[in-house]
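Student: What follows is a predicted structure for the sequence shown.
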Amino acid sequence: MSKITKRLFIYFASLLLFLAVTAFVGFSLSLFYQTYRSHERELKERAETIAGQLEQFMKTGGPKQGRGAYLRFVGDIALADAYIIDIEGEPFSYGRRSVVSDEPTADVIEFAEHIFESGSYEHLRRKDPSGRDLFYSGMPVLADGQMTAAVVIRDTAELEKGSFFSAVSILGGCLLLALMMSGILSVLLSRRFVMPIRQIAHTAKELSGGNYQASTNVKDQTELGELAGEMDQLAQKLEAARLESIRLEQAQKDYISNISHELRTPVTVIRSSLEAVCDGVVTREKAMEYQRQMLAESISLQRLVNDMLELSRLQNKDFPIEKEDMDLLRALGDAVRAVRVLAKEKSICILYEKNVEEWVIQGDYGRLRQMFVAALDNAIKYSPEGSKVVISTQKYADEAVISIKDQGCGIPSEDMDNIFTKFFRSRQNKQNHEKGSGLGLAIIKNIGDRHGINISMHSVYGKGTEIIFRVPAASMMSS
């Protein structure tokens, strides 16, 4: 038996015992009172009957022989010890055995005096020297409106006590049996109550041990069922948190690995070139080529460091962005002009379909121009020579939409979920050995988030990619 089962059993049994004792005591007292009251009423009726008969004798003046016969057998009539004492103190006593006694006991005389004093019915209960309960019931006898005598009946309650104790014994036996059955039921019910608690405790133990796939499997309509449901939801959330932690840990490892790789390549090239120049291994003309290579690598290294710093600032919510009223299409137009030189090198045609004159929003012009330049740079970088990059703008009632669509290699569907992750590069780009820090799309996404612009990307592998900027109407000042 578990501790909680024992405790529930003790509580339940204590409550039942208290109720049983209360019922037993209440019933016993009630039965005791009713028993004695019933006996007292019977004695009163007998005393009234005898007193009434005597009064009738006195009124009618019947023969003394009949009166004497009645008085001789008054004890038998009363079914108890009966005494008739006149007001002058001349007592007559006729017991149950019809034995005449001229000397009533002192307790009877004392009780008769109370009747004469009150002039009405009196009753009394007291114990005799042997400890028996004695009942006294007395009624005055009136003649012509004057009290002439008193009828006193004295009896014991032995028969009534026997009935009382019999009834109480039966009640006690029933209560004891009920307590035993209730105790058995309380154990069974407490075990049923404890079972889901044990399952919940086992699940909690599994969760504390790292098994977040544990489940309580408790189906209950009570608060225990709600608790089990919350525990199962907690297990699911912990499992999701564990998977997310693994993903973040892997992302951190990939981040460090990518940083190390991106930094190591230009540093290695610069160092090897400098060593060759310093050691005089290369000629003067060759040294100029090495210097140009070192300059290009240092520029690439600087760009990587700047991108990392830029992304770090954008991700810091406390880093302020200076916003003012500006034309979003002007920032887009400047970005298009900035990348036309790159597009010309690959004979890529940029088609800008401008359907709206201006979109005024609250924003940082430099950041938004940087966002569009990065998006266009990606489109040109991953597009084949002689292809097209189409830029379109549309304005609706609830939002304005800018789309940049290329005819590049596209992105595999399995890579789309991580496309805005830092240093993430799709496998297709890695196979094509495209250069890049892997921070461009992350920077684009963070600039958009800081301006309330929703950015999404759609791509068909082998056909091209489209990046869409959705500006809510609430962000626009005027048009």
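Tutor: Alright, I've got the coordinates.

Student: can you pull out the strands in this structure?
Tutor: Counting by DSSP state E, the segments of the chain that form strands are 81-86, 91-94, 100-101, 122-127, 133-143, 146-156, 324-327, 349-353, 360-363, 388-395, 399-405, 454-460, 464-472, 476-478.

Student: can you list these in JSON lines and add distance to residue 112?
Tutor: Just so you know, the C-beta spots here come from the backbone N, C-alpha and C atoms, and that holds for glycine as well. Converted to JSON lines, these look like this (distance: least, Cβ to Cβ, whole Å):
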{"stretch": "strand 81-86", "distance to residue 112": "5"}
{"stretch": "strand 91-94", "distance to residue 112": "8"}
{"stretch": "strand 100-101", "distance to residue 112": "14"}
{"stretch": "strand 122-127", "distance to residue 112": "9"}
{"stretch": "strand 133-143", "distance to residue 112": "7"}
{"stretch": "strand 146-156", "distance to residue 112": "5"}
{"stretch": "strand 324-327", "distance to residue 112": "119"}
{"stretch": "strand 349-353", "distance to residue 112": "130"}
{"stretch": "strand 360-363", "distance to residue 112": "114"}
{"stretch": "strand 388-395", "distance to residue 112": "120"}
{"stretch": "strand 399-405", "distance to residue 112": "113"}
{"stretch": "strand 454-460", "distance to residue 112": "111"}
{"stretch": "strand 464-472", "distance to residue 112": "110"}
{"stretch": "strand 476-478", "distance to residue 112": "115"}
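
Student: Looking at these, spot the one closest to residue 198.
Tutor: Nearest to residue 198, of all the strands of the chain, is strand 454-460, at 49.2 Å by Cβ to Cβ.

Student: so where's the stretch 51-200 of the chain shaky on pLDDT?
Tutor: Residues of the stretch 51-200 of the chain that meet the criterion pLDDT under 70 lie in 60-76, 88-103, 157-164.

Student: Could you dump the strands of the chain into JSON lines with distance to residue 173 and mean neighbour count added?
Tutor: As requested, the strands of the chain are exported to JSON lines (distance: least, Cβ to Cβ, whole Å; neighbours: other Cβ atoms under 10 Å):
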{"stretch": "strand 81-86", "distance to residue 173": "36", "mean neighbour count": "22"}
{"stretch": "strand 91-94", "distance to residue 173": "43", "mean neighbour count": "20"}
{"stretch": "strand 100-101", "distance to residue 173": "44", "mean neighbour count": "13"}
{"stretch": "strand 122-127", "distance to residue 173": "29", "mean neighbour count": "14"}
{"stretch": "strand 133-143", "distance to residue 173": "25", "mean neighbour count": "21"}
{"stretch": "strand 146-156", "distance to residue 173": "27", "mean neighbour count": "21"}
{"stretch": "strand 324-327", "distance to residue 173": "95", "mean neighbour count": "14"}
{"stretch": "strand 349-353", "distance to residue 173": "100", "mean neighbour count": "13"}
{"stretch": "strand 360-363", "distance to residue 173": "89", "mean neighbour count": "20"}
{"stretch": "strand 388-395", "distance to residue 173": "92", "mean neighbour count": "17"}
{"stretch": "strand 399-405", "distance to residue 173": "85", "mean neighbour count": "19"}
{"stretch": "strand 454-460", "distance to residue 173": "81", "mean neighbour count": "16"}
{"stretch": "strand 464-472", "distance to residue 173": "82", "mean neighbour count": "19"}
{"stretch": "strand 476-478", "distance to residue 173": "89", "mean neighbour count": "12"}
